[in-house]
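# 3D model of this:
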Amino acid sequence: PSAQMVVGQLVDDPLINQSVVTDAAGIPLTSALQSRQSIGQAPQFQAHVLQDSGQFFIGQLRVGTISTKESIHVSVRINRPDGSFAGVASVALNPQYFTGFYQSMRLGEGYTVVLIGLDGVVRSRHPSDAAFDPALLFAALKEQPTGNFRDAKHFYSYRCLPNYPLTVLVGVSSEAAMASYYQRRNVYFGSVIGISLLMLLFTSLRVRNLKQQRILHERYRALMEQSFDALVLVEMKTQQVIEVNPKFTELLGYSLPADAPLFVNRFIVDKQSNLDHVYNVILPTQRVVSAETRLFRRKCGTLINVERVGSVIHVDGKDIFLASMRDVTAERRRQAELSRDVEFARTVQRELLPCVASTDFVEIQTLYYPKNFVNGDSYHLEWQQQGTLLRGFLIDVSGHGMATALQTTALSVLLRETASNGLSLFDQ
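Numbering: from 1, shown residues only. All right, here's what the predicted structure looks like:
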């Protein structure tokens, strides 16, 4: 009855093509599709017949025996009290279980995300036509389970998923801005690894409800505690925080159950009406939050800027918002300081421009409109010989920005000093 209850909960899940519990011969004892067709020759059954590895079997993408749909099969062995083989519990996952999430992350142009098994078979990839050389990956895996490598056109980072025969590969083309790659690689890599592990753990939780729920809980806790980013799970209906990891406590100072009940309005600086609109209208529709910067309040009262990404997941009949966050306060401060410096340079550059009066015979009008705040264009005009001779110069240094403006300013000062030394135009 307990197996029928668990399998019954998976019938309406669009990401589950089939769930089945079989006897030792491969005949279904209970099936979400109400089928008695044997899966005794299927890989997800045969992998557990001869020995108990104590691990999940994660199969290749193939058409299911019962569901007749392309699926990734995840199965676990069931033993009798004496340790002998009693059957298997198997779940057939829709490939969109992984690819749908990777597509929603919007990592940007030039990025590749691949979920590949240690058997060399790609379980999921985004974009769908992404190409890479598996030989380079497996050569790197022989050295260490986590690391980096490159080919002629891409840089890659990879990591083996603990307790699973799978590897997550994140790549970026060499044409992408290297500065952006180094700045954001760890953020995206950590997010992909963290969410992929969470998704696999949630799948494992459904399967291991048939056998070892306690082991799944311990693995889930290890993931939360070892994540690179601050993670928080919020029940959307009540806006109450139901789980945080140590990085979240380190970032904002709140922990559970010490600060329970904890609601999002305690640390997100916004009106309650705006929060209600986000959790009741926007998130149920969009299901995914791209990278955004919000103002958060620490437990001690200080305010920080936090970059947040997240998605809505469905667990035990409830919509849960899973968010990954990092502190960008220092980064925003550096950007503000740079903006002030550029504005100061703009003021200095404009003050160096001359103000030349018109005469009864000559009317002078000027317009200075740089493309950026500062640039490489400048000019100088001045009357000489008691207003009978107008001399000046124009400067156009190739490029834009602060470096070009500094060269222009230095050249302008040099030319003005030369023009004021009394030499003839030829000598100057």
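# And the helices in the stretch 301-428 of the chain?
Remark: helices assigned in the stretch 301-428 of the chain by DSSP state H, counting those that start in this stretch are 329-351, 402-419.
# Highest mean neighbour count out of those?
helix 402-419 (a mean of 15; mean count of other CB atoms under 10 Å). (Glycine included, C-beta is placed from N, CA and C.)
# Using CSV, write down the CA coordinates of that helix.
Extracted in CSV, the C-alpha atoms of helix 402-419 (Å, rounded to 0.1, in the frame of the first residue of the first chain):
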residue,chain,number,x,y,z
MET,A,402,39.3,57.9,-19.5
ALA,A,403,42.7,56.9,-21.0
THR,A,404,42.0,58.8,-24.3
ALA,A,405,40.8,61.9,-22.3
LEU,A,406,44.1,61.9,-20.3
GLN,A,407,46.2,61.9,-23.5
THR,A,408,44.0,64.7,-25.0
THR,A,409,44.4,66.8,-21.8
ALA,A,410,48.2,66.4,-21.7
LEU,A,411,48.5,67.3,-25.4
SER,A,412,46.2,70.3,-25.0
VAL,A,413,48.3,71.7,-22.1
LEU,A,414,51.5,71.2,-24.2
LEU,A,415,50.1,73.0,-27.3
ARG,A,416,48.8,75.9,-25.2
GLU,A,417,52.2,76.4,-23.5
THR,A,418,53.8,76.4,-27.0
ALA,A,419,51.3,78.9,-28.4
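# any idea how far residue 408 is from residue 351?
14 Å (CB to CB, to the nearest Å).
# re earlier: reformat the helices of the stretch 301-428 of the chain as a markdown table; add mean pLDDT.
Below are the helices of the stretch 301-428 of the chain laid out as a markdown table (pLDDT from 0 to 100):
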| stretch | mean pLDDT |
| --- | --- |
| helix 329-351 | 78 |
| helix 402-419 | 77 |
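# May I see these arranged in TSV, with distance to residue 237 as well?
Formatted as TSV, these follow (distance: least, CB to CB, whole Å):
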stretch	distance to residue 237
helix 329-351	31
helix 402-419	51
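# Identify whichever of those helices lies nearest to residue 230.
With CB to CB as the measure, helix 329-351 is the member of these nearest residue 230 (13.4 Å).
# And the contacts of that closest one?
With CB atoms under 8 Å, 6 or more residues apart in numbering as the contact definition, helix 329-351 has outside contacts at 293, 304-305, 368, 373-374, 378, 402, 405, 408-409.
# Enumerate every residue touching residue 253.
Counting by CB under 8 Å, 6+ apart, residue 253 has contacts 298-300.
# swap the cut-off to 10 Å and go again
By CB atoms under 10 Å, 6 or more residues apart in numbering, the contact set of residue 253 is 259, 267, 297-302.
# Under the pLDDT cut-off, which ranges of this structure? List them.
Applying pLDDT under 70 to the chain picks out residues 1-15, 95-109, 128, 163-164, 176-185, 205-206, 208-218, 372-373, 422-428.
# where do the helices sit along it?
2-9, 43-46, 96-105, 134-143, 178-208, 213-226, 246-252, 272-277, 283-286, 329-351, 402-419 (DSSP state H).
# Report the buried residues of the fourth one.
This points to helix 134-143. Residues of helix 134-143 classed as buried: 137, 140-141 (neighbour count, 16 or more other CB atoms under 10 Å).
# distance of residue 377 from residue 362?
23 Å.
# Who has more neighbours out of the two?
With neighbours defined as other CB atoms under 10 Å, residue 377 and residue 362 compare such that residue 377 has more, 18 against 11.
# From residue 35, how far out is the residue nearest to the more buried one when sequence neighbours are not counted?
Leaving aside its chain neighbours, residue 377 sits nearest to residue 396 (5.4 Å; criterion: CB to CB, 6 or more residues apart in numbering). The gap separating residue 396 from residue 35 is 78 Å, by CB to CB.
# any idea how far the spatially most central residue of the chain lies from residue 377?
The geometric centre of the chain, computed from its C-alpha atoms, lies nearest to residue 188 (CA atoms, centre = their mean), at 3.6 Å. Separation of residue 188 from residue 377 (CB to CB): 39 Å.
# and what of residue 28?
78 Å.
# Equivalent analysis for residue 94, please.
59 Å.
# what sits against residue 53?
Residue 53 neighbours (CB under 10 Å, 6+ apart): 47, 76-77.
# Looking at those residues, which is nearest residue 193?
So of those, ranked by how close each gets to residue 193 (CB to CB), first place is residue 76, at 23.0 Å.
# I figured that closest one hits residue 89, correct?
Yes - between residue 76 and residue 89 there is a contact at 5.5 Å, judged by CB atoms under 10 Å.
# okay, the two: which has more neighbours?
residue 89 (26 against 23).
# For the more buried one, name its beta-bridge partners.
Under DSSP bridges, the beta-bridge partners of residue 89 are residue 21, residue 76.
# Just put the contacts of helix 329-351 in TSV and tack on distance to residue 220.
Below are the contacts of helix 329-351 laid out as TSV (distance: CB to CB, whole Å):
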residue	distance to residue 220
293	29
304	28
305	30
368	62
373	50
374	53
378	63
402	49
405	55
408	60
409	60
